[in-house]
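Peer 1: What shape does this take:
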Amino acid sequence: MPLIFVLLFGCLMLATGGALDIANIMRVRSNIQNMADSAALAGASQYRLGNSDTNVVKQVALAFADSALSTAKVNGEPQVTVNEQERSVTVTIAARVHLRFMRLGGDSGVGVNSRAVARAGSSSVICLLALGNGSANLGVDDGRVTAPNCNTHSNSKASDGLETAGFGTMSAKVICTSGGFVGSPSAFSPMPTTDCPVAADPLASRAAPSETKCDFTNYKVPIGLITLRPGVYCGGLIIDKPTRVRMMHGTYIIKDGPLVLVNMASLTMVDAAVYLTGKDAVLYTDFTTSLDLSAPVSGPLAGILFFEDRNAPPGRVHQIGSRLAPRLLGTIYLPRGKLIVGQLPTDDIIHFDCRAQAATHHHPLIQVYLPQLLPLVPCPLPQIPIGLQSAWTLIIAHQVAINAGVNLVLNANYDKTAVAPPPEALAESTILTH
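Peer 2: Have a look, this model is predicted:
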C-alpha cells in the first residue's frame, strides 16, 4: 500500500510539475510575442517622423526588443529586418525556457519563437493632403513640390485627380492618389501609387475658435512698422502698403472679410494663428509680398497657421502668392477651400497664364488690386523656393495647386523646433500585419 501511494504521489507530482512547465512555456511564448509586436510597431512608427532611414528603424526595433527581454529576464535573441519599399518591420525572437520538471532527452530547456510584422500607413507622414474628389484635385503647373521626407496624397478617385502640367514636377517620399494621375512619368519622383485608400481629415475633430465679438472693424493697416494684437477683425484685415506687420502670440479671427496682403507688404507671425470665418473670409497674398510665419507653440490652435471655418461655402479660393516666404512653420488647414500657391489660374484650379492675370477674384477688394499689379508681373515667373527654412510644413486643403514657378518645399523635421505639429496629423497609423 505504501509503495502504491508513493508511485501515485510521484505521478501526481510529475503531472503537476509538467503542468507548471507547460504553463511557463505558454507564458514565455505569450510574453515574447507581445515583445515582438511592440518592437515591430516601435520600429515602424519611426517612419512617421519623416526623416528615419533603414538603420534608424532597425536600431529602434532592436533596442526595444532587447530592453523588453532584459526587463522580463527572458533569455532571448531578437532579429530585425526592414523592408524600406513596403515600410515594414519584421521582428523575430527566439527564446529558451528552462524546464524544472520535464526533461526532453536530457535537455532541461525548450525553444519558443515569435514573429511580428508591422507596416507604417502612409497617412502618418503626409505633409500635403488634398481632401477633394475631382479632376486636378492636387496639381502642379510650371512649379514644383519638393517633399523628400514626407508624403503627398490626393483623395480624388478621378483618373486625373493628381496632375502635373507644363514644367511641373513633384518629388516626395511617397506620392499617393486614390484615383489616377496625369503627367509625364519624368515629372514624378517616385512614380505615384494609384488606388490608395482615401485619407481621413486628421484635423476633423479639432475645435474651432468660438469668439465672434468684433474687436476691430474694416481694419486697414497704416504704413510703417506695425504690431497687431489678437482679436476678432470683422470685415477683414487689409495690408495694402509697403508696411512691415507683426502678429504676436494669440489667435486672430478674420470674420466676414478677407486677409489681404499686397503692394510689397510683409507679414511676420510669431506664435500666432489665423482663423477665417464668415462671408468672404479668404487668404490672399500677391507676389510682391513677403511672409515669415510660425504657428503657436501651445494653446487651442497649437501648430496651426491658418484654419478655415468648416461651415465655409465649398470652393473658396485662397492664394499664397508671396515670392519671398522662407518660413511657413505650421499647418495650413483649409478643409473647404482651394489653395493656390503661386498665382490665380485663368481657367481652372491649376493652369495659369502670367500674361493674363486679369482673372478676377470673387472678392471686390481683391479685384481692385489685381489690375494695379498686372504691369509688374514678370513673365515667365522665376522659380523660387517657398518654405525652405521651415522645420516642417503641413498643408491640408480641399484642393491644392502649385504653379507660376513656385517650388513649394515641405520639410518634415518635427524634432528641430519647439512648434510641434498637431498630434492628430501624426496619429499613429502603424499596424501589425502578422
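
Peer 1: Surely Arg119 and Leu41 touch.
Peer 2: No - using Cβ atoms under 8 Å, Arg119 is not in contact with Leu41; the gap is 9.8 Å. For the C-beta atoms, the positions are set from N, CA and C on the backbone; glycine is no exception.

Peer 1: same question for the longest strand seen in the chain, mean pLDDT?
Peer 2: Scanning the chain for the longest strand, with DSSP state E as the assignment, gives strand 324-341. Across strand 324-341, the average pLDDT comes to 97.

Peer 1: Adjacent strands (with direction) for that strand?
Peer 2: Strand 324-341 pairs in its sheet with strand 290-294 (parallel), strand 304-308 (parallel), strand 317-320 (parallel), strand 393-403 (parallel), by DSSP bridges.

Peer 1: now these in JSON lines, with mean neighbour count and mean pLDDT?
Peer 2: As requested, those are exported to JSON lines (neighbours: other Cβ atoms under 10 Å; pLDDT from 0 to 100):
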{"stretch": "strand 290-294", "mean neighbour count": "21", "mean pLDDT": "98"}
{"stretch": "strand 304-308", "mean neighbour count": "26", "mean pLDDT": "98"}
{"stretch": "strand 317-320", "mean neighbour count": "23", "mean pLDDT": "95"}
{"stretch": "strand 393-403", "mean neighbour count": "28", "mean pLDDT": "96"}
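
Peer 1: out of the ones you listed, nearest to Lys173?
Peer 2: strand 393-403 (14.2 Å; Cβ to Cβ).

Peer 1: following that closest one, which helix or strand shows up next?
Peer 2: Sequence order places strand 406-409 as the next helix or strand after strand 393-403, per DSSP states H and E.

Peer 1: Show me what that next one packs onto, helices and strands only.
Peer 2: strand 144-154, strand 384-386 (3 or more Cβ pairs under 8 Å, 6 or more residues apart in numbering; DSSP states H and E).

Peer 1: Need the winner for burial among these.
Peer 2: Burial of the helices and strands packed on strand 406-409 is given as mean neighbour count (mean count of other Cβ atoms under 10 Å); strand 144-154 ranks first at a mean of 24.

Peer 1: that older thread, compare the helices and strands packed on strand 406-409 and give me the one nearest Pro423.
Peer 2: strand 144-154 (16.1 Å).

Peer 1: re earlier: which of the residues in the longest strand of the chain are classified as buried?
Peer 2: 325-341 (16 or more other Cβ atoms under 10 Å).

Peer 1: returning to what we had before: out of the strands paired with strand 324-341, which is closest to Arg87?
Peer 2: Using Cβ to Cβ, the strands paired with strand 324-341 put strand 393-403 closest to Arg87, at 19.4 Å.

Peer 1: Between strand 144-154 and the closest one, find me the angle.
Peer 2: 110 degrees (axes from the mean of the first three to the mean of the last three Cα atoms, to 10 degrees).

Peer 1: Can you give me the domain boundaries for the protein?
Peer 2: Each domain of the chain is listed here as a residue range: 2-120, 124-427, per automatic domain parsing.

Peer 1: Of these, which shows the lowest average pLDDT?
Peer 2: domain 2-120 (a mean of 76).

Peer 1: State the helix or strand in which Gly111 lies.
Peer 2: Counting by DSSP H and E, Gly111 is found in strand 109-119.

Peer 1: Who are the packing partners of that strand?
Peer 2: helix 2-44, strand 88-98, strand 431-432.

Peer 1: hang on, the earlier thing: closest one to Val198 among the helices and strands packed on strand 406-409?
Peer 2: Across the helices and strands packed on strand 406-409, closest to Val198 is strand 144-154 (Cβ to Cβ), at 9.1 Å.

Peer 1: Neighbouring strands - and their directions - for the closest one?
Peer 2: strand 126-130 (parallel), strand 169-177 (parallel), strand 406-409 (parallel).

Peer 1: wait, which of the strands paired with strand 324-341 is closest to Tyr414?
Peer 2: Of all the strands paired with strand 324-341, strand 393-403 comes closest under Cβ to Cβ, at 9.8 Å.

Peer 1: Report the distance from the closest one to the chain centre.
Peer 2: Mean C-alpha position of strand 393-403 versus that of the full chain (Cα atoms, centre = their mean, to the nearest Å) differs by 12 Å.

Peer 1: Same check on stretch 396-406?
Peer 2: 16 Å.

Peer 1: Then stretch 160-177?
Peer 2: Offset of stretch 160-177 from its chain centre (Cα atoms, centre = their mean): 17 Å.

Peer 1: First residue to last residue on stretch 236-255, what's the distance there?
Peer 2: Across stretch 236-255, the terminal residues are separated by 6 Å (Cα to Cα, to the nearest Å).

Peer 1: Give me the buried positions along that stretch.
Peer 2: 236-241, 243-245, 247, 251-255.

Peer 1: Quick check: phi and psi at the residue nearest to Leu225 when sequence neighbours are not counted.
Peer 2: With sequence-adjacent residues excluded and distances taken as Cβ to Cβ, 6 or more residues apart in numbering, Leu225 is closest to Arg244, at 5.1 Å. Here is the backbone geometry of Arg244 (degrees, to the nearest 10): phi -100, psi 110.

Peer 1: Equivalent analysis for Asp66, please.
Peer 2: Here Asp66 shows phi and psi, under degrees, to the nearest 10, equal to phi -60, psi -40.

Peer 1: neighbours around it, how many?
Peer 2: 15 (other Cβ atoms under 10 Å).

Peer 1: I'd say it and Pro78 touch.
Peer 2: Yes - between Asp66 and Pro78 there is a contact under Cβ under 8 Å: 6.4 Å.

Peer 1: So Ala72 sits against Met35, correct?
Peer 2: Yes - applying Cβ under 8 Å, one finds Ala72 in contact with Met35, separated by 7.4 Å.

Peer 1: So which residues of the stretch 101-250 of the chain form strands?
Peer 2: In order along the chain, the stretch 101-250 of the chain carries the following strands (DSSP state E, counting those that start in this stretch): 109-119, 126-130, 138-141, 144-154, 162-165, 169-177, 181-182, 188-189, 216-220, 225-228, 231-239, 244-247, 250-255.
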